[in-house]
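>>> using only what follows, build the 3D model:
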Amino acid sequence: MVGTVREATFEVLRRFGLTTIFCNPGSTEVALLTGLPDDLRFVLALHEGSVVGMATGWAIGHGAPALAVLHTAAGLGNAVGAIATARANRVPLVILVGQQDRRHLALEPFLAGRLAGLAGDYPVWVDQPVRAQDVPGAVARAFHEAVTFRGPALVVVPLDDWAAPFEDETIAAPTRLLRPAAVSDESLAPLAALLSEAHSPAIVAGAGVGASADMDVVTSGPSGESVAFAGSGVREVGWTAVVALAERLGCPVWQESFGAMAGFPQDHPQYAGVLPADRARLRAALAAYDVVLAVGAPVFRQYPFDSGPLVEAGTTVALVTDDPAEAHRSPADLAYLAAPAAVCERLAVLVPARPAPRRPVPDGPELSPEGEVLRAAHVLHGLPREGEVLRAAYVLHQLAKRLPANAVLVEETPSSRPDLHRLVPARNPLGFVSAAMGGLGFGVPAAVGLRMSLPDRPVVAVVGDGSALYGVHALWSAAHYRVGALFVVLANGRYAIMDRLADKAGGKAPWPAFTEVSMGGMARSLGCAARRVNTAEELAAVLDEVMPTLVDREEPLLLEVTVAVDPDFQP
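Numbers count the residues shown, from 1 in each chain. Here you go, the predicted model:
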């Protein structure tokens with residue numbers, strides 16, 4: 001190959017389907033970005049957190065890595081929180097980070113960045129190629145690293161590298177990489193025996209249920225041949241496999257706490273609810289089971305520290321995950337490092353069939369179909385009285401009644417998450433998408449990226465106003481690129497979850513409310529249409545108008561819904 005490093009890198013990007021570039025450009029990236037070929041699409045975001053957040057949504061939608069380009073230290077620094085979220089959500093990203101001209105880096109010129117450790121341990125791989133000619137290979141390897149370890153992989157590129165000659169060089173990465181994930185019956189025998197002999201088994205399903213089975217990561221070969229990528233369809237395979245196993249065992253299925261995505265259909269009669277995130281309630285929830293199988297979920301995700309064991313004595317915990325770190329740190333009695341879908345699919349054949357759940361779930365939500373949940377919600381959260389401010393639960397109940405079964409729902413509303421889990425069941429693998437990291441700023445840009453990658457799916461983001469402020473820049477991108485997502489902002493003018501945590505700590509919160517902020521005004525200033533909703537009648541009218549249009553809509557819309565703080569909410 002004769003040409004420049006830039007041209008050779010473009011060929012690598014084409015080979016691996018990285019032809020959409022999410023970016024907020026700086027001077028160290030001009031040499032890469034000026035005069036892009038027509039087959040490479042540039043998507044501008046107004047802040048690097050939104051750059052990575054939109055790329056994260058795009059990658060989730062496609063089930064394949066997305067490409068982000070960041071500007072040296074300032075850009076990478078601004079994006080670290082979003083990179084941490086992508087790592088916690090196990091989303092593959094290839095991130096190119098600009099650097100000053102290699103020829104005078106030793107003098108630390110203006111805009112030179114100390115980039116190697118700036119993102120900490122959150123990238124799955126970081127490389128600063130020794131030679132300019134190593135850049136194309138580093139980008140190819142970053143793709144493979146991102147897929148294998150399911151996280152962001154970074155390549156730092158000095159600005160003069162792009163113009164360097166590239167002739168008869170070796171790209172140090174495979175053109176095509178297969179990851180076969182077959183699991184033999186012999187290796188599954190210990191787990192099959194454990195489940196077969198269990199008197200009362202249960203499953204905890206997590207975002208990793210959608211981990212890939214056999215995967216071919218090349219989208220187009222070097223000669224232009226078409227090669228399939230396992231992609232987003234793997235999530236449906238994972239759900240089907242876990243449903244088959246749960247129905248074979250006749251056991252309840254819990255959702256991991258603080259998960260990135262739903263691991264099981266939440267309108268299924270065997271769905272038990274979200275697992276508690278503190279040890280005392282966790283032990284109580286799992287006390288009835290002698291075997292608990294965590295599938296694509298950690299053992300077990302916690303929030304506040306509590307003493308004591310995770311489970312009661314006599315409960316055996318098994319784990320199936322494709323995440324080496326998750327397997328290695330897990331206090332499980334038996335752990336499998338393997339593709340969850342492949343394992344569950346085989347186990348559903350190997351274990352004997354059982355009848356429906358053997359006993360009710362203790363202290364958990366009723367195992368009831370979606371209609372029962374919504375009817376219960378209507379009783380508990382009826383129409384507000386005259387002049388009464390809407391409650392978040394009522395808003396979510398009204399949204400759930402109108403939400404299409406195939407909708408992609410992005411959540412970032414910490415003080416209303418329990419209500420959302422209870423009232424808006426995930427009916428498809430993207431029916432609940434959230435930030436497993438816990439930092440704010442994911443919801444708005446992720447919804448933009450998801451809608452861009454899935455233009456035939458309705459996309460709704462439910463975010464608090466405090467959360468939305470961290471990613472508000474992405475609304476400009478949504479408007480400019482005609483991304484027809486719906487953003488439902490539950491606006492209470494404060495950090496409600498922080499207020500309640502301060503109350504629990506027994507002190508007065510020093511931070512004020514921010515009731516002066518108008519999310520609708522900010523949205524309109526960024527070119528995104530917005531409406532304010534204050535009453536039940538206004539809410540019903542706008543949802544009835546907008547929800548049927550979501551599949552075909554090109555204009556984004558933000559609904560700023562005024563809600564009261566729930567006095568009964570406990571974080």
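>>> could you pull out the helices for the stretch 151-300 of the chain?
185-197, 233-249, 279-286 (DSSP state H, counting those that start in this stretch).
>>> next structured bit after the lowest-mean-pLDDT helix or strand in the chain?
Sorting the helices and strands of the chain by mean pLDDT, DSSP states H and E puts helix 370-380 at the bottom, at a mean of 44. Tracing the chain past helix 370-380, the next element assigned as helix or strand by DSSP states H and E is strand 390-391.
>>> just give me how far that next one sits from the chain centre.
With Cα atoms, centre = their mean, to the nearest Å as the basis, strand 390-391 stands 27 Å off its chain's centre.
>>> tell me where the stretch 51-200 of the chain has strands.
For the stretch 51-200 of the chain, strands defined by DSSP state E, counting those that start in this stretch occupy the ranges 66-70, 93-99, 125-127, 152-158, 165-167.
>>> so what strands line up beside the fourth one?
In its sheet, strand 152-158 lies beside strand 93-99 (parallel), strand 125-127 (parallel), with partners assigned from DSSP bridges.
>>> tell me which of the ones you listed sits most buried.
Compared across these, strand 93-99 shows the largest average neighbour count, a mean of 27 (mean count of other Cβ atoms under 10 Å). Heads up, the C-betas are built off the backbone N, CA and C, glycines and all.
>>> give me the pLDDT for Ala132.
If you check Ala132, the pLDDT there is 95.
>>> next one: it from Ala8, what distance?
10 Å (Cβ to Cβ, to the nearest Å).
>>> returning to what we had before: okay, the strands of the stretch 51-200 of the chain in CSV with distance to Arg301 next?
Shown next, in CSV, are those (distance: least, Cβ to Cβ, whole Å):
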stretch, distance to Arg301
strand 66-70, 25
strand 93-99, 22
strand 125-127, 25
strand 152-158, 21
strand 165-167, 45
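>>> in a markdown table: the ones you listed, plus distance to Arg532 and mean pLDDT.
Formatted as a markdown table, the strands of the stretch 51-200 of the chain follow (distance: least, Cβ to Cβ, whole Å; pLDDT from 0 to 100):
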| stretch | distance to Arg532 | mean pLDDT |
| --- | --- | --- |
| strand 66-70 | 33 | 98 |
| strand 93-99 | 35 | 97 |
| strand 125-127 | 44 | 97 |
| strand 152-158 | 37 | 97 |
| strand 165-167 | 55 | 93 |
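>>> quick one: closest of these to Val489.
Closest approach to Val489 among the strands of the stretch 51-200 of the chain (Cβ to Cβ): strand 66-70, 25.1 Å.
>>> which elements pack onto that closest one?
strand 20-23, helix 48-62, helix 72-89, strand 93-99 (3 or more Cβ pairs under 8 Å, 6 or more residues apart in numbering; DSSP states H and E).
>>> so, low pLDDT: which residues of the stretch 301-450 of the chain?
Applying pLDDT under 70 to the stretch 301-450 of the chain flags the ranges 356-382, 386.
>>> which residues in it form helices?
324-329, 340-350, 370-380, 392-402, 417-423, 443-453.
>>> tally of neighbours for Leu396?
25 (other Cβ atoms under 10 Å).
>>> actually Ala287, not the one I wrote
13.
>>> kindly export stretch 271-280 (C-alpha atoms) in CSV.
C-alpha atoms of stretch 271-280 as CSV (Å, rounded to 0.1, in the frame of the first residue of the first chain):
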residue,chain,number,x,y,z
TYR,A,271,-39.9,-11.9,36.2
ALA,A,272,-39.4,-11.2,39.9
GLY,A,273,-38.2,-7.5,39.9
VAL,A,274,-34.9,-5.7,40.5
LEU,A,275,-32.6,-7.2,43.0
PRO,A,276,-32.0,-5.1,46.1
ALA,A,277,-28.6,-3.3,46.2
ASP,A,278,-27.9,-3.7,50.0
ARG,A,279,-26.9,-6.9,51.7
ALA,A,280,-29.7,-7.1,54.2
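>>> what lies in contact with it?
Residues outside stretch 271-280 that contact it (Cβ atoms under 8 Å, 6 or more residues apart in numbering) are 202, 204, 252-258, 264-265, 282, 284-286, 300-304, 306-310, 361, 364-365, 367, 418, 421-422, 425.
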